[in-house]
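> Let's see this in three dimensions:
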Amino acid sequence: MANTLWFLIPELILLTGTVVCAIGGLSNKAAIRRNIGFIACVFLAASCISVPFVYTAEHVASSNSLMPNLGGYVKFFAALIGILLVMTSGGLMDRKYEHAIASGKDTFDTLRSSAGEYHALLLLSITGLMLICEASDLIWMFLALELVSLPTYVMVAMSRWAKVGQEAAMKYFFLGAISAGLMLYGFAFLYGATGTFEFHAMADAFADQNAAGGISTFGQIGLILALVGLCYKIAAAPMHLYAPDVYQGAASAVTAFLAFVPKAAGFIAIIMLLSLVGWEGGLPKSVEMMLWVVAVLTMILGNIGALLQTSTKRMLGYSSIAHSGYMLIGIIAGPPLGLIAVMVYLVIYGATNTAAFSTLACLQRNGESVDSLEDISGLVKRSPALAASFAISCGSLLGIPPLFGFWGKLMLFTVGVSAGQLPLVLVAAISSAISAWYYLRLIGLALLAPLTARSEQVSPVLRWPLIATILGAIIAVGGPVTLNALTTDASIAVHVSE
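Residues are numbered from 1 along each chain as shown. Down below sits the predicted model:
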């Protein structure tokens, strides 16, 4: 018990931050309410700093986790990217309301203040992401996944002034309930196939089945149902339909959060589940075929859907779907190189995608958020630094060399070819080529297009999202040294204990 609690120190720090942010948001002092985002960043930084001290070789050796080093990697980068996500929302929550209070036009009401609860929910969801890594049984994994998802339903609906936000939250919630049901049904089959919920015992049971001729039918059905449920978390076909509507309906800062944290949680859960059946002899053919079809549909539908959009957030939402398809190549390829590529790509994608959405978060037209492609036309004439950072982040998501995203995609495609998945890699390459059209369109609008009557009214008004965009762009530039360090850490993280 004491050993388990030791590995939960980063999560306990964030839980403390959750309580502090929730209470701070109710304070009558405006200075405290204005600094809730900074407080959240402090706790995220503390959680990040604690990771190297928690995951020492001595403590990892005594861990009972299926993948004892995974938590150190995931928690460190989840907290780090979490800081960028908090900065993306900086000044967004309650901005007009706080200005009205400061000018004497309104009075403070705890029921109308949302900054505290927003940041508390954000920290709570990231805590759920971290807890997945410490899961030792299916029940823990399910509860941790729900801890990731439940706060996001409220975060999407927090745009109380916009009906589209409430509509998006309802779609997100009901599809989430369906996916949770499928996942639980799959877990029930897995229990029936192994007689246990505990990971090490399940791995032993599946090893015995493999030795006797293969995973049982119940086990394969359970894995497929659980994976279909997890497709919702990663926004992969056929559970991707909610993503464009929800990403467009939510505030830009919330969309940036949705595009990374639930996706990361889903991929980590997929890696841990598939590690139960063992990778040595390859995944069961039915599971591999299911993942193959999902990857192809996700890449094609995501990129083709993005081509047809006039909404920037909706376009980036569809592109987020496509990136899940790319990462599934690494899952199909398997360990060690495939899983290393997935873990590296998750970090690269998380930072650069956050930078892209941060651009939209700091832009406003007449006090309202922007969404249309025309809104970013001629952005370089209003904010050269913002336009350049947005272009770099889009270039990295596209995979233009020598940006970080290029090396991430190259790793995924290379391990796919090495694993004998050449047809899948060819589909990915064609899909990536299709994505060039809309990513280059975004870059061209920001850097080369003239100002229009509509875009002349748009200006960068929020400082912290601007800083988040620039920091994300700096990460997107990356470099060989950074890539090598990230790859080394990822290779340690995906090691499965015996």
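> and the residue nearest to Phe218 when sequence neighbours are not counted, how far is that from Leu276?
Nearest non-adjacent residue to Phe218, counting by Cβ to Cβ, 6 or more residues apart in numbering: Ala193, 4.0 Å away. Using the backbone N, CA and C atoms, a C-beta is placed for each residue, glycine as well. Separation of Ala193 from Leu276 (Cβ to Cβ, to the nearest Å): 10 Å.
> Residues that sit against both of these two, list them.
Counting by Cβ atoms under 8 Å, 6 or more residues apart in numbering, the common neighbours of Ala193 and Leu276 are Phe206.
> following the helix or strand where the residue nearest to Phe218 lies, which helix or strand shows up next?
Per DSSP states H and E, Ala193 falls inside helix 163-194. For helix 163-194, the following helix or strand on the C-terminal side (DSSP H and E) is helix 199-211.
> As PDB, could you dump the C-alpha coordinates of that next one?
C-alpha atoms of helix 199-211 as PDB (Å, rounded to 0.1, in the frame of the first residue of the first chain):
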ATOM      1  CA  PHE A 199      -3.400  -7.500 -14.900                       C
ATOM      2  CA  HIS A 200      -0.600  -9.800 -13.900                       C
ATOM      3  CA  ALA A 201      -3.000 -12.700 -13.500                       C
ATOM      4  CA  MET A 202      -4.700 -11.900 -16.800                       C
ATOM      5  CA  ALA A 203      -1.400 -11.800 -18.500                       C
ATOM      6  CA  ASP A 204      -0.600 -15.200 -17.100                       C
ATOM      7  CA  ALA A 205      -4.000 -16.600 -18.200                       C
ATOM      8  CA  PHE A 206      -3.600 -15.200 -21.700                       C
ATOM      9  CA  ALA A 207       0.000 -16.700 -21.900                       C
ATOM     10  CA  ASP A 208      -1.400 -20.100 -21.000                       C
ATOM     11  CA  GLN A 209      -4.100 -19.700 -23.800                       C
ATOM     12  CA  ASN A 210      -1.400 -18.700 -26.300                       C
ATOM     13  CA  ALA A 211       0.600 -21.700 -25.400                       C
END
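> before we move on, the earlier item: how many neighbours does the residue nearest to Phe218 have?
For Ala193, the neighbour count with other Cβ atoms under 10 Å is 21.
> do the same with Ala449
18.
> Quick check: it touching Ser377?
Yes. Taking contacts as Cβ atoms under 8 Å, Ala449 lies within contact range of Ser377: 4.3 Å.
> List the contacts of Tyr345.
Tyr345 is in contact with His323, Tyr326, Met327, Gly330, Gly408, Lys409, Met411, Leu412, counting by Cβ under 8 Å, 6+ apart.
> which element is the third one on?
Translated: Met327. Using DSSP H and E, the element containing Met327 is helix 312-333.
> Report all helices and strands that that helix contacts.
If contacts are counted by 3 or more Cβ pairs under 8 Å, 6 or more residues apart in numbering; DSSP states H and E, helix 312-333 sits against helix 242-249, helix 252-258, helix 261-277, helix 285-307, helix 337-361, helix 404-418, helix 422-447.
> what do you get if the cut-off is 7 Å, keeping everything else the same?
Using 3 or more Cβ pairs under 7 Å, 6 or more residues apart in numbering; DSSP states H and E as the contact test, the elements touching helix 312-333 are helix 242-249, helix 261-277, helix 285-307, helix 337-361, helix 404-418, helix 422-447.
> and among the ones you listed, the most buried is which?
helix 337-361 (a mean of 27; mean count of other Cβ atoms under 10 Å).
> Following the chain past that helix, name the next helix or strand.
According to DSSP H and E, the helix or strand after helix 337-361 is strand 363-365.
> so what strands line up beside that following strand?
Strand 363-365 has the following sheet partners, assigned by DSSP bridges: strand 368-369 (antiparallel), strand 458-460 (antiparallel).
> And the contacts of it?
For strand 363-365, the external contacting residues (Cβ atoms under 7 Å, 6 or more residues apart in numbering) are Val370, Asp375, Gln457, Val458, Ser459, Pro460, Val461.
> Report the buried members of those.
Buried members of the contacts of strand 363-365, scored by 16 or more other Cβ atoms under 10 Å, are Val370, Asp375, Val458, Pro460.
> between those, which is closest to Val54?
Using Cβ to Cβ, Pro460 comes nearest to Val54 of these, at 38.5 Å.
> Please name the residues that touch that closest one.
Applying Cβ under 7 Å, 6+ apart, the residues near Pro460 are Cys362, Leu363, Arg382, Ser383, Leu386, Leu466.
> Give me the distance between the closest residue to Pro262 other than its chain neighbours and Leu297.
Once flanking residues are discounted, Pro262 sits nearest to Lys233: 4.9 Å by Cβ to Cβ, 6+ apart. Counting by Cβ to Cβ, the separation of Lys233 from Leu297 is 16 Å.
> Out of the helices and strands packed on helix 312-333, which gets nearest to Phe43?
Closest among those, once you apply Cβ to Cβ, is helix 261-277, at 15.8 Å.
> Just the angle for the closest one relative to helix 337-361, thanks.
Between helix 261-277 and helix 337-361, the angle comes out at 170 degrees (axes from the mean of the first three to the mean of the last three Cα atoms, to 10 degrees).
> With just CA atoms, put helix 261-277 into PDB.
The C-alpha trace of helix 261-277 is given here as PDB (Å, rounded to 0.1, in the frame of the first residue of the first chain):
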ATOM      1  CA  VAL A 261      -5.600  14.600 -22.800                       C
ATOM      2  CA  PRO A 262      -8.400  12.100 -23.600                       C
ATOM      3  CA  LYS A 263      -6.500  11.000 -26.700                       C
ATOM      4  CA  ALA A 264      -3.400  10.300 -24.600                       C
ATOM      5  CA  ALA A 265      -5.400   8.500 -22.000                       C
ATOM      6  CA  GLY A 266      -7.000   6.300 -24.700                       C
ATOM      7  CA  PHE A 267      -3.700   5.300 -26.300                       C
ATOM      8  CA  ILE A 268      -2.100   4.500 -22.900                       C
ATOM      9  CA  ALA A 269      -5.100   2.300 -22.000                       C
ATOM     10  CA  ILE A 270      -4.800   0.600 -25.400                       C
ATOM     11  CA  ILE A 271      -1.100  -0.100 -25.000                       C
ATOM     12  CA  MET A 272      -1.700  -1.600 -21.500                       C
ATOM     13  CA  LEU A 273      -4.700  -3.700 -22.600                       C
ATOM     14  CA  LEU A 274      -2.800  -5.200 -25.600                       C
ATOM     15  CA  SER A 275       0.200  -5.900 -23.400                       C
ATOM     16  CA  LEU A 276      -2.000  -8.300 -21.500                       C
ATOM     17  CA  VAL A 277      -2.200 -10.700 -24.400                       C
END
